[in-house]
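S.K.: take a look and give me a structure for this.
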Amino acid sequence: MQNRKNILTYMVAPFSILVISASSSLGVQPQVYLGKLTHGEFVSCDGQILDPPAYAVGGTWVLSIDAMTQPQVPPPAHLTMVVLRDGTNYLAFPHIELTPVSLQDGIYTYAWGTQVTATLDTNTTPATFAWHVVFDDNCTTRSYASLTYLGVANN
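M.R.: Below is the predicted model of the structure:
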(Lines give C-alpha, C1' and ligand atoms only; values in the text may rest on other atoms or scores of the structure.)
Protein backbone atom coordinates (compact mmCIF):
# COMPACT_ATOMS: atom_id res chain seq x y z
CA MET A 1 0.00 0.00 0.00
CA GLN A 2 2.84 2.39 0.84
CA ASN A 3 4.42 1.83 -2.60
CA ARG A 4 1.12 2.72 -4.27
CA LYS A 5 0.99 5.99 -2.35
CA ASN A 6 4.58 6.81 -3.33
CA ILE A 7 3.86 6.03 -6.96
CA LEU A 8 0.79 8.30 -6.86
CA THR A 9 2.84 11.09 -5.31
CA TYR A 10 5.42 11.00 -8.08
CA MET A 11 2.85 10.67 -10.86
CA VAL A 12 0.54 13.57 -9.97
CA ALA A 13 3.03 16.40 -10.60
CA PRO A 14 4.34 15.17 -14.00
CA PHE A 15 0.81 14.38 -15.17
CA SER A 16 -0.29 17.88 -14.22
CA ILE A 17 2.60 19.36 -16.20
CA LEU A 18 1.47 17.38 -19.24
CA VAL A 19 -2.12 18.61 -18.85
CA ILE A 20 -0.95 22.19 -18.44
CA SER A 21 1.36 21.90 -21.45
CA ALA A 22 -1.38 20.41 -23.61
CA SER A 23 -3.86 23.13 -22.71
CA SER A 24 -1.29 25.87 -23.19
CA SER A 25 -0.52 24.78 -26.74
CA LEU A 26 -3.91 26.20 -27.77
CA GLY A 27 -2.87 29.79 -27.13
CA VAL A 28 -0.37 31.97 -25.33
CA GLN A 29 1.96 30.04 -23.04
CA PRO A 30 1.33 30.23 -19.29
CA GLN A 31 4.13 30.73 -16.80
CA VAL A 32 4.80 27.42 -15.07
CA TYR A 33 6.66 27.19 -11.79
CA LEU A 34 7.36 23.87 -10.13
CA GLY A 35 9.22 23.03 -7.00
CA LYS A 36 9.35 21.32 -3.67
CA LEU A 37 7.84 22.11 -0.32
CA THR A 38 10.74 22.68 2.06
CA HIS A 39 9.06 23.15 5.41
CA GLY A 40 5.98 24.33 7.25
CA GLU A 41 5.20 26.92 9.88
CA PHE A 42 2.39 26.42 12.35
CA VAL A 43 0.89 29.14 14.55
CA SER A 44 -0.62 27.98 17.83
CA CYS A 45 -4.06 28.90 19.07
CA ASP A 46 -2.31 31.51 21.26
CA GLY A 47 -0.65 33.13 18.23
CA GLN A 48 2.86 31.75 18.75
CA ILE A 49 4.91 29.91 16.10
CA LEU A 50 5.19 26.28 17.17
CA ASP A 51 8.82 25.22 17.64
CA PRO A 52 9.12 22.39 16.88
CA PRO A 53 6.39 22.48 14.22
CA ALA A 54 3.34 20.22 14.45
CA TYR A 55 4.92 17.92 11.83
CA ALA A 56 7.59 17.87 9.15
CA VAL A 57 6.41 19.08 5.73
CA GLY A 58 7.64 17.99 2.31
CA GLY A 59 6.17 17.47 -1.11
CA THR A 60 5.88 19.03 -4.55
CA TRP A 61 3.93 21.85 -6.19
CA VAL A 62 3.25 23.04 -9.73
CA LEU A 63 1.78 26.51 -10.26
CA SER A 64 0.65 27.49 -13.75
CA ILE A 65 -0.19 31.15 -14.18
CA ASP A 66 -2.23 32.02 -17.29
CA ALA A 67 -0.85 34.57 -19.70
CA MET A 68 -1.35 38.16 -18.62
CA THR A 69 -3.91 40.06 -20.64
CA GLN A 70 -3.65 43.36 -18.73
CA PRO A 71 -0.56 44.88 -17.09
CA GLN A 72 -0.43 44.42 -13.31
CA VAL A 73 -3.72 42.47 -13.26
CA PRO A 74 -3.10 38.98 -11.94
CA PRO A 75 -4.27 36.29 -14.35
CA PRO A 76 -5.98 33.09 -13.17
CA ALA A 77 -3.72 30.30 -11.93
CA HIS A 78 -3.90 26.56 -11.40
CA LEU A 79 -2.12 24.61 -8.67
CA THR A 80 -1.21 20.98 -8.21
CA MET A 81 0.27 20.09 -4.83
CA VAL A 82 1.27 16.90 -3.04
CA VAL A 83 2.01 17.29 0.67
CA LEU A 84 4.06 14.85 2.70
CA ARG A 85 3.61 14.77 6.46
CA ASP A 86 6.55 13.33 8.38
CA GLY A 87 7.72 11.70 5.12
CA THR A 88 4.46 10.00 4.14
CA ASN A 89 1.63 11.04 1.84
CA TYR A 90 -0.77 13.41 3.55
CA LEU A 91 -2.70 15.51 1.03
CA ALA A 92 -2.94 15.61 -2.74
CA PHE A 93 -4.51 18.48 -4.64
CA PRO A 94 -4.52 17.31 -8.28
CA HIS A 95 -5.89 20.54 -9.76
CA ILE A 96 -7.00 23.66 -7.94
CA GLU A 97 -8.38 26.72 -9.72
CA LEU A 98 -7.01 29.72 -7.82
CA THR A 99 -8.74 33.09 -7.75
CA PRO A 100 -6.50 36.08 -8.51
CA VAL A 101 -6.18 38.58 -5.65
CA SER A 102 -3.23 40.81 -6.50
CA LEU A 103 -0.01 41.24 -8.44
CA GLN A 104 2.43 43.71 -6.99
CA ASP A 105 6.14 43.99 -7.77
CA GLY A 106 6.44 40.39 -8.94
CA ILE A 107 4.44 38.91 -6.05
CA TYR A 108 1.36 37.00 -7.17
CA THR A 109 -1.34 36.45 -4.56
CA TYR A 110 -4.24 34.02 -5.05
CA ALA A 111 -7.10 32.70 -2.94
CA TRP A 112 -8.80 29.33 -2.71
CA GLY A 113 -12.04 29.81 -0.84
CA THR A 114 -11.98 32.05 2.21
CA GLN A 115 -9.34 30.26 4.27
CA VAL A 116 -6.43 29.74 1.85
CA THR A 117 -3.96 32.21 0.35
CA ALA A 118 -1.30 31.10 -2.13
CA THR A 119 1.63 33.42 -2.87
CA LEU A 120 4.40 33.23 -5.44
CA ASP A 121 7.31 35.65 -5.07
CA THR A 122 9.22 35.87 -8.35
CA ASN A 123 11.67 38.45 -6.94
CA THR A 124 13.71 35.75 -5.21
CA THR A 125 16.04 33.28 -6.92
CA PRO A 126 14.65 30.72 -6.97
CA ALA A 127 11.03 31.90 -6.75
CA THR A 128 9.34 31.11 -3.43
CA PHE A 129 5.88 29.67 -2.84
CA ALA A 130 3.62 29.78 0.23
CA TRP A 131 0.31 28.05 0.93
CA HIS A 132 -1.28 29.71 3.97
CA VAL A 133 -4.38 28.31 5.68
CA VAL A 134 -6.29 29.95 8.53
CA PHE A 135 -8.60 27.49 10.24
CA ASP A 136 -11.97 28.64 11.54
CA ASP A 137 -12.72 25.84 14.01
CA ASN A 138 -11.48 27.75 17.09
CA CYS A 139 -8.76 25.13 17.66
CA THR A 140 -11.23 22.35 18.44
CA THR A 141 -9.72 19.97 15.87
CA ARG A 142 -6.00 20.73 16.11
CA SER A 143 -3.48 22.47 18.34
CA TYR A 144 -2.71 25.20 15.81
CA ALA A 145 -4.81 28.00 14.32
CA SER A 146 -2.99 28.36 10.99
CA LEU A 147 -0.32 26.73 8.90
CA THR A 148 1.91 27.75 6.02
CA TYR A 149 3.57 25.29 3.67
CA LEU A 150 6.65 26.93 2.17
CA GLY A 151 8.60 25.93 -0.92
CA VAL A 152 11.09 26.94 -3.57
CA ALA A 153 10.90 26.64 -7.34
CA ASN A 154 13.14 24.28 -9.29
CA ASN A 155 13.20 26.62 -12.29
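S.K.: next secondary structure element downstream of the helix or strand of the chain with the lowest mean pLDDT?
M.R.: Here the helix or strand of the chain ranked lowest by mean pLDDT, DSSP states H and E is helix 2-24, holding a mean of 44. The C-terminal neighbour of helix 2-24 among helices and strands, as given by DSSP states H and E, is strand 31-44.
S.K.: contacts only, for residue 139.
M.R.: Contact analysis of residue 139 by CB atoms under 8 Å, 6 or more residues apart in numbering lists 45, 145. For the C-beta atoms, the positions are set from N, CA and C on the backbone; glycine is no exception.
S.K.: gap between it and residue 103?
M.R.: Noted for residue 139: a distance of 33 Å to residue 103, by CB to CB, to the nearest Å.
S.K.: equivalent analysis for residue 114, please.
M.R.: As judged by CB to CB, residue 114 and residue 103 stand 20 Å apart.
S.K.: who has more neighbours, these two?
M.R.: For residue 114 versus residue 103, neighbours defined as other CB atoms under 10 Å are more numerous around residue 103 (20 against 8).
S.K.: longest single strand anywhere in this structure?
M.R.: Using DSSP state E, we find that the single longest strand of the chain is strand 88-104.
S.K.: what residue ranges in the chain are flagged as low confidence?
M.R.: 1-28 (pLDDT under 70).
S.K.: who's the residue nearest the centre of it bridged to?
M.R.: Centroid-nearest residue in the chain, with CA atoms, centre = their mean: residue 131, separated by 4.8 Å. On the basis of DSSP bridges, residue 131 is bridged to residue 118, residue 149.
S.K.: do the same with residue 111
M.R.: residue 99, residue 117.
S.K.: that one: what's it in contact with?
M.R.: 98, 99, 101, 117, 118.
S.K.: quick one: which of those has the most company?
M.R.: Busiest of the contacts of residue 111 [other CB under 10 Å] is residue 118, holding 24 neighbours.
S.K.: alright, calling it a day.
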